[in-house]
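A.B. asks: Provide a 3D model corresponding to the input given below.
(2 chains)
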Protein chains: 2
Amino acid sequence: MTAHASTIDELTVQRDRARQDHAALAARELKLDLTRGKPSPQQLDLSAGLLESPEAAVSADGTDLRNYGGLQGLPELRAIFSDALQVPVEQLLAAGNSSLELMHDALVFALLGTLPGGQRRWVDEPQIAFLCPVPGYDRHFALCERLGIEMIPVPMTSDGPDMDVVERLAAEDPRVKGIWCVPKYSNPDGAVYSEDAVRRLAAMPTAAPDFRIFWDNAYAVHHLGDEPAAIADLLGLCAEHGNPDRAFVFGSTSKITFAGGGVAFFGSSPANVQWWLGCTAKRSIGPDKINQLRHVRFLRDADGLREHMRRHAAVIRPKFEAVDKILNAELGGTGLAEWTRPEGGYFITVRVPAGCARAVVAKAKEAGIALTPAGATHPRGDDPLDQVIRIAPTYPEQSELEVAIAGFATCVRLVGTEKLLAEHEG
Amino acid sequence: MTAHASTIDELTVQRDRARQDHAALAARELKLDLTRGKPSPQQLDLSAGLLESPEAAVSADGTDLRNYGGLQGLPELRAIFSDALQVPVEQLLAAGNSSLELMHDALVFALLGTLPGGQRRWVDEPQIAFLCPVPGYDRHFALCERLGIEMIPVPMTSDGPDMDVVERLAAEDPRVKGIWCVPKYSNPDGAVYSEDAVRRLAAMPTAAPDFRIFWDNAYAVHHLGDEPAAIADLLGLCAEHGNPDRAFVFGSTSKITFAGGGVAFFGSSPANVQWWLGCTAKRSIGPDKINQLRHVRFLRDADGLREHMRRHAAVIRPKFEAVDKILNAELGGTGLAEWTRPEGGYFITVRVPAGCARAVVAKAKEAGIALTPAGATHPRGDDPLDQVIRIAPTYPEQSELEVAIAGFATCVRLVGTEKLLAEHEG
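C.D. replies: From the prediction side, this is the model:
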């Protein structure tokens, strides 16, 4: 990025104005939080019906859902989500309240037991690694770090990960056992994987016979506009290309009904599902089927799900639009920031000049505006260019959000102009 | 056991009568199930109030329970169970719907991360082992088998495990990392650990510095009579004897409210709780707090819990009494069986003559009566004396239960007399 201010004097004026603005901002003693992708209270109100009592706790096939059993989860709930997650009902499992748990457990089961197609437990390998498209989701990276799995960053594009890099690493390095993907409205970039990227993921040769794609389809139905993005059918393409067991699909209702009080899903090939059930059958006698029933009664069917998500979009679309509008007004044409305009999902990514992200987050903190730590979008919290900042606009009220984003823009102006001046002077 | 029938002729008469009875039983084509300790529909009806909608999904401290967070679980729910589980509220966590999951995860976290007091991950040890009091709970043993943990059987007594054996093995063998305990109304024996046994568990030297007692207090409040059994405070005794981090306490509401739709608990020392939260914070953003709130509203407080459990006892005590009465009438004085008369819990253990348990279960199956597989009460399903059978009386209706137990007694008579005759003839 280059300074659009043509002289040091102009830059100095801008820097001084930014300093004054920041001082005024800090004096307001705000307490605003843009850190996590949480639904707002207004969104949660949309699912008030979920709290209503199910008339009788009995499933369509007459099972008493108040008792043990039903490891696969309610078939009628799996049917509602089958299309959205692109997994046939019989290969889709409804589980507990968190897809992150399922991803953790998938890693654990692979570490401590042998996967279909695998030759040994991952824990018995000298070292294993996952490909991590960056920027990406910090909780994916935290799981790898916790479990001793090396992370290899791969650049993201607007069409998905750089597939030339992915193909090379997967083909050459037998340590590479998997890749993290958020294929639709990715966290944090909002990217939608292209058909070509999905096909190459499904088809590429891998050095590891038990390579797995961790397909975290967290925002499968979380469209902001009226023309939902579609992604290719990964499970189908994997089977078509002779790699039927390559994909683990994850999803949840955390950002559909209640975050923490929802239902998570696991889908995969028949062989992987059998393997998964063999693992989970030792761990549990079944998920909370009462909560699953509540979701069936509340969402009704795939149409009910779509209608419900339109109501979510109506609540959060104005927030995404406000962020874009304010960033445009405050930073447009300054060369100090670029940002995404996602069609769905929960995040906006702002790229500031290299070396500025940490300083912007620190300045925002001084002004009482909490941002996700700079670097969180990268493995081990290390963004080598120090330029990516993730904005989570859904949770705050509209008016608070607008104040926070304007304040954030002030911090970008301050840090950006100071850096440019330092470069001119240096 | 010796044959009370004094002559071969008498035994032959008894055997022939048993054969006729068994043939008549088989002809009835029953379909009865005594396999699993499941609450009955009548018991589940007791918790109908749990299905009512909470007026507002807000906790005592104002937290919106519909959103992410709250990894420790609702403080007001933990307060209700603190006394029953003998864990201070601040060291007690409320989690998902299954304590078996928590036990699985505790093993996984210890396998893949270093415990407080430990020197390395369990997966990095050449071999680890758990002490398994037998008869015991098959799902404990299945976890060990799945995760490659060697099982060392230890004889149970009516006061708990044979502590001489436990102390010797724990002190001598550094591979021994833990012990499975169901301290109150044990599965399947109904034993209540004595104060002495609990104290010795807390105080004994262990060769492994990271030895853990897996204290599955599944039946903490599941009394059948009016004089609840009490067990010593394990956590307190561990601390008193300088082994504060030795105990992992587990419990759940699976047999209090809804099996599968309840809440599970983990309790331990402050250091272990911190370690646990460090592990679970990577795995989850929090448990289903809405369901926890429902439990708070429904159970109200510790008195409400006690009162609720008295209603359970009123439903299932007649079932336990019927089993005892029928076994007495059919098998009393025959020398063909001994059985427990537990004061709580979910099981009755029947001991038949050595070498007969598998045959009894097979004969019952022929007659349409499903029993837990013989041997299930022992590691790897191997009861070396082939004499222990676990009866689960809670689930069937009273009348069905009585038919099933009478049929079971017929099978014991048949197999027992055939065996005695074979010995006389042999």
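A.B. asks: C-alpha only now, for contacts and for neighbours.
C.D. replies: Fine.
A.B. asks: And the helices in chain A?
C.D. replies: Counting by DSSP state H, chain A has helices at residues A:8-27, A:41-45, A:75-85, A:99-112, A:138-146, A:163-172, A:195-203, A:234-240, A:270-283, A:289-299, A:302-331, A:357-366, A:398-425.
A.B. asks: what is the orientation angle of the third one with helix A:289-299?
C.D. replies: Okay, so that is helix A:75-85. 60 degrees (axes from the mean of the first three to the mean of the last three Cα atoms, to 10 degrees).
A.B. asks: Which elements pack onto helix A:75-85?
C.D. replies: Helices and strands touching helix A:75-85, as assessed by 3 or more Cα pairs under 8 Å, 6 or more residues apart in numbering or on different chains; DSSP states H and E, comprise strand A:92-94, helix A:289-299, helix A:302-331.
A.B. asks: what comes up buried for it?
C.D. replies: By neighbour count on 16 or more other Cα atoms under 10 Å in any protein chain shown, the buried set for helix A:75-85 is A:75-82, A:84-85.
A.B. asks: which among those gets closest to B:Ala94?
C.D. replies: For those, the closest approach to B:Ala94 (Cα to Cα) belongs to A:Leu77, at 26.1 Å.
A.B. asks: OK, contacts around the closest one?
C.D. replies: Shown in contact with A:Leu77 (Cα atoms under 8 Å, 6 or more residues apart in numbering or on different chains): A:94, A:292-293, A:295-296.
A.B. asks: what do you get for A:Glu52?
C.D. replies: By Cα under 8 Å, 6+ apart, the neighbours of A:Glu52 are A:294, B:52-53.
A.B. asks: what do you get for A:Pro116?
C.D. replies: By Cα under 8 Å, 6+ apart, the neighbours of A:Pro116 are A:210, A:245, A:271-272, A:275.
A.B. asks: circling back to that earlier point, of the contacts of A:Glu52, just say which sits nearest to A:Gln43.
C.D. replies: A:Arg294 (17.7 Å).
A.B. asks: Surely the closest one touches A:Ser47?
C.D. replies: No: using Cα atoms under 8 Å, A:Arg294 is not in contact with A:Ser47, being 10.6 Å away.
A.B. asks: what touches both of the two?
C.D. replies: Contacts common to A:Arg294 and A:Ser47, judged by Cα under 8 Å, 6+ apart, are absent.
A.B. asks: Who has more neighbours out of those two?
C.D. replies: Neighbour count, other Cα atoms under 10 Å in any protein chain shown: between A:Arg294 and A:Ser47, A:Arg294 has more, with 22 against 19.
A.B. asks: gap between the nearest residue in space to that one that is not next to it in sequence and A:Phe258?
C.D. replies: Closest residue to A:Arg294 in three dimensions, ignoring its sequence neighbours and counting by Cα to Cα, 6 or more residues apart in numbering or on different chains: A:Leu50, at 5.9 Å. Shown here: A:Leu50 relative to A:Phe258, a distance of 9 Å by Cα to Cα, to the nearest Å.
A.B. asks: These two - which one has more neighbours?
C.D. replies: More crowded of A:Leu50 and A:Phe258, by other Cα under 10 Å: A:Phe258, with 27 against 22.
A.B. asks: For the closest residue to the more buried one other than its chain neighbours, give its distance to A:Leu32.
C.D. replies: In space, and not counting its chain neighbours, A:Phe258 is closest to B:Arg66: 5.1 Å by Cα to Cα, 6+ apart. According to Cα to Cα, B:Arg66 stands 20 Å off from A:Leu32.
A.B. asks: between those two, who's got more neighbours?
C.D. replies: Between B:Arg66 and A:Leu32, counting by other Cα under 10 Å, B:Arg66 is the more crowded of the two (26 against 20).
A.B. asks: The more buried one reaches A:Ile256, doesn't it?
C.D. replies: No: judged on Cα under 8 Å, B:Arg66 makes no contact with A:Ile256 at a distance of 11.4 Å.
A.B. asks: hmm, back to that, which one of the contacts of A:Glu52 sits closest to A:Ser158?
C.D. replies: For these, the nearest to A:Ser158 is A:Arg294 (37.2 Å; Cα to Cα).
A.B. asks: tell me the pLDDT at that closest one?
C.D. replies: The per-residue pLDDT reported for A:Arg294 equals 91.
A.B. asks: Could you count how many residues lie near the closest residue to chain B within the stretch 101-250 of chain A?
C.D. replies: Residue nearest to chain B within the stretch 101-250 of chain A: A:Glu101 (5.0 Å; Cα to the nearest Cα). By other Cα under 10 Å, the residues close to A:Glu101 number 20.
A.B. asks: Please name the residues that touch A:Phe347.
C.D. replies: With Cα under 8 Å, 6+ apart, A:Phe347 has these contacts: A:37, A:187-190, A:390-393.
A.B. asks: Keep only those residues that also lie close to chain B.
C.D. replies: Among the contacts of A:Phe347, no residue lies close to chain B (Cα under 8 Å from any Cα of the partner chain).
A.B. asks: how about these in a markdown table, adding pLDDT and distance to A:Pro116?
C.D. replies: Listed next are the contacts of A:Phe347 as a markdown table, based on pLDDT from 0 to 100; distance: Cα to Cα, whole Å:
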| residue | pLDDT | distance to A:Pro116 |
| --- | --- | --- |
| A:Gly37 | 75 | 34 |
| A:Asn187 | 95 | 29 |
| A:Pro188 | 95 | 32 |
| A:Asp189 | 94 | 33 |
| A:Gly190 | 96 | 32 |
| A:Arg390 | 95 | 37 |
| A:Ile391 | 95 | 39 |
| A:Ala392 | 93 | 38 |
| A:Pro393 | 93 | 41 |
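A.B. asks: What distance do you get for the residue nearest to A:Ser254 when sequence neighbours are not counted to A:Gln292?
C.D. replies: Closest residue to A:Ser254 apart from its sequence neighbours, by Cα to Cα, 6+ apart: A:Gly262 at 5.2 Å. Distance of A:Gly262 to A:Gln292, given as Cα to Cα: 8 Å.
A.B. asks: can you check A:Arg380 too?
C.D. replies: 35 Å.
A.B. asks: Show me which of these two is the more surrounded one.
C.D. replies: A count of neighbours by other Cα under 10 Å puts A:Gln292 above the other of A:Arg380 and A:Gln292, at 27 against 14.
A.B. asks: In the stretch 51-200 of chain A, which residue sits nearest chain B?
C.D. replies: A:Asn67 (4.5 Å).
A.B. asks: Quick check: pLDDT value at that residue.
C.D. replies: On the pLDDT scale, A:Asn67 gets 90.
A.B. asks: Spell out which residues of the stretch 51-200 of chain A are next to chain B.
C.D. replies: A:51-54, A:66-69, A:96-98, A:100-101, A:104, A:108, A:112-113, A:123, A:139, A:142-143, A:146-147.
A.B. asks: Repeat the analysis, applying 7 Å as the threshold.
C.D. replies: A:51-54, A:66-68, A:97-98, A:100-101, A:104, A:112, A:142-143, A:147 (Cα under 7 Å from any Cα of the partner chain).
A.B. asks: swap in the stretch 201-350 of chain A?
C.D. replies: So the stretch 201-350 of chain A meets chain B at A:258-261, A:282-284, A:286-290 (Cα under 7 Å from any Cα).
A.B. asks: Nearest spatial neighbour of A:Ala203, chain-adjacent residues omitted?
C.D. replies: A:His241 is the one closest to A:Ala203 (Cα to Cα, 6+ apart), at 5.3 Å.
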